[in-house]
Structures are given as structure tokens and as C-alpha cells.
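[1] Below is the structure, and that's it, no one-letter string:
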């Protein structure tokens, strides 16, 4: 009984708040631009950039593509490890300067 009364009061308060905030919500919704067209244009632009990649990769000899993928993977891993080590070193120096112990 008590929980039903609280649920009713909370639903009533939520409905009143929604009614009060409808004009503000409409103002914000109508003043902000619709970004779907811009997002679609960016997505289409990116997909158009990569349409010729299949043709260009077809020009490479068959053994070169796995080697290139391996080299790119190694480079990404190397830079990620370097950035993480640098960040850990910075955090360790900051912790040493704070001197918790």
C-alpha cells in the first residue's frame, strides 16, 4: 500500500515536471541543428576515399600484402607500448613527488 502511494506520488511529480519542461525542451530541440545530414556526408566521404583501395591493393604482389599488414601491426604495437611506458613513467614520477609513503 505504502509503495503504491509512493509510486503514484513519484509518477505525479514526474508528469508535472515533464509538463513544466516541455517548452524548454522544445526550444532546445528546435534551436540545435540536425546533425544527421552532416554525419551522412562525412560517412559517405570516408567511404568514397576507400573505394579504390581494393583496386590499388590488387596491384601489389600477393606476398607483399601480409608483410605490409605485419609491419603496420608491429608499428602500431611499438607506438602503443612507447606511449603506455611514457604515461606510466609520468604517473610514477607524480606519485613519487606526492610522497604518500
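    Received, thanks. Treat the numbers as computed from the prediction; the structure is a model and nothing was measured.

[2] Could you pull out the helices in this structure for me?
    With DSSP state H, the ranges of helices along the chain come out as 2-31, 36-49, 53-58, 64-98.

[3] any idea how far residue 77 is from residue 84?
    Distance of residue 77 to residue 84, computed by CB to CB, to the nearest Å: 11 Å. Yep, even glycine has a C-beta here, placed from its N, CA and C like the rest.

[4] And for residue 15?
    50 Å.

[5] Redo the helices of the chain as TSV? Include mean pLDDT and mean neighbour count.
    Listed next are the helices of the chain as TSV, based on pLDDT from 0 to 100; neighbours: other CB atoms under 10 Å:
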stretch	mean pLDDT	mean neighbour count
helix 2-31	89	9
helix 36-49	85	10
helix 53-58	79	9
helix 64-98	91	10
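
[6] Closest to the centroid, which residue in the protein?
    residue 39 (14.0 Å; CA atoms, centre = their mean).
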